[in-house]
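K.L.:
What shape does this take:
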Amino acid sequence: MKVGILALQGDFIEHAHMLRRMGHESVEVRLPQHLDGLEALILPGGESTTFGWLATRYGLIEPLRRFIHSGKPVWGTCAGLIFLAKDVGRDQVTLGVMDIRVARNAFGRQVDSFVAPLNVKGLSGGPFTGVFIRAPVIESVAPHVEVLCTLADGTIVAARQDHMLATSFHPELTDDPRLHALFLGLQLPTADHAVF
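P.N.:
Residues are numbered from 1 along each chain as shown. Below is the predicted model:
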């Protein structure tokens, strides 16, 4: 599978390494033409305001929205989750395509980073190791958005809306390919609203 990774800033290289290990081709997306021929797209962790600024500068905002509206799998991790969200509680450029409200840096500063076992809906094989680094949380979701994972206190850290996946944590910083495999199986559902 040919998977694009937004490569304006952030940890796109780690996603590329995971995809390569799984036997997939990755393409670094920096300009609109880099989206041509892709079968899926990852918006990695990094700094969400920088994503917005650089994507605007390089004319990527509308091409990214068109790609997402095409129904191909799209996944935002950490800052990528923020970049997908319709509501981030502040004035910044986002793609505004996923019906979620997000709080940035919800767990605190870099020194407050942590690792936690997560039970992710649709993921077999036991808990997934969630790596949280200055992570956002999903404060609320629209009724048609499926919550896939919460922490013990109910904090939402993963959700799906049709062919879009959003995670607060960094699966690419583990050796576990299960979430990448789950993502690559997403597609725009049919009228019966099929899920995983």
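K.L.:
Could you use CA atoms for every contact and neighbour count after this?
P.N.:
OK.
K.L.:
tell me the contacts of R160?
P.N.:
Residues in contact with R160 (Cα atoms under 8 Å, 6 or more residues apart in numbering) are 145-148, 166.
K.L.:
Which one of those is nearest to T174?
P.N.:
A166 (16.8 Å; Cα to Cα).
K.L.:
Got the phi and psi for the closest one?
P.N.:
phi -140, psi 130 (degrees, to the nearest 10).
K.L.:
For it, give me its contacts.
P.N.:
Applying Cα under 8 Å, 6+ apart to A166 gives the contacts 75-78, 80-81, 84, 158-160.
K.L.:
Need the nearest residue in space to L6, chain neighbours excluded.
P.N.:
V29 (4.7 Å; Cα to Cα, 6 or more residues apart in numbering).
K.L.:
contacting residues for the one you found?
P.N.:
Taking Cα under 8 Å, 6+ apart, one finds 4-8, 35 in contact with V29.
K.L.:
For M22, see how far away it is.
P.N.:
V29 is 20 Å from M22, where distance means Cα to Cα, to the nearest Å.
K.L.:
again, but for H34
P.N.:
Separation of H34 from M22 (Cα to Cα): 21 Å.
K.L.:
cool, and G37?
P.N.:
Relative to M22, G37 is positioned 19 Å away (Cα to Cα).
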